[in-house]
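1. for reference, the sequence and a predicted model appear below.
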Amino acid sequence: MPIYQIGPKRLVVGAHYGLKEWIIQRVTAIVMVVFTIVLLVDYCITGSATYEGWAALFSNQFMKLLTLLAFISLFYHAWIGIRDIWMDYIKPVSIRLTLQVLTVLYLVACAAYAVQILWKV
């Protein structure tokens, strides 16, 4: 009995395509929530929203590292979301690649600026 091909042949890229990015977005969201909770708890305990209070909070090395981790999480979280938007809605490859490169450059510049600000305090 002959086998007839109906329709074009489909290329399956893998069952786990996108799973890693989905998990990374959830993990980065958790990091940002933890950072927000730490800030809220500190504010509730000290009640200080002055410059001196913030400077004292961020003079601690642990808080600087936690803030840097939160910023890196934010930028990576944003990269995954914006990249998916570019991939879903921008069909011409040259325009999509240009937008992705500009997005990466912007996020890296933001990360460098965040590091500069954190270590000046």
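-> Noted; the coordinates are in hand. Model, not experiment: these values are computed from the prediction. Numbers count the residues shown, from 1 in each chain.

2. just read off the phi/psi values of Ile90.
-> Taking degrees, to the nearest 10, you get phi -110, psi 110 for the backbone angles of Ile90.

3. that one and Arg96 touch, don't they?
-> Yes - using CB atoms under 8 Å, Ile90 makes contact with Arg96 at a distance of 4.2 Å. C-beta coordinates here come from the backbone N, C-alpha and C atoms, glycine included.

4. can you tell me how far Ala70 is from Cys44?
-> From Ala70 across to Cys44, the span is 19 Å (CB to CB, to the nearest Å).

5. the two - which one has more neighbours?
-> Comparing Ala70 with Cys44 by other CB atoms under 10 Å, the one with more neighbours is Ala70, at 20 against 8.

6. which residues are in contact with the more buried one?
-> Val31, Met32, Phe35 (CB atoms under 8 Å, 6 or more residues apart in numbering).

7. kindly report the same for Tyr89.
-> By CB under 8 Å, 6+ apart, Tyr89 has no neighbours at all.

8. mind showing which ranges of this structure have poor pLDDT?
-> 1-17, 121 (pLDDT under 70).

9. could I get the buried residue list for stretch 67-75?
-> Thr67, Ala70, Phe71, Ile72, Ser73, Leu74, Phe75 (16 or more other CB atoms under 10 Å).
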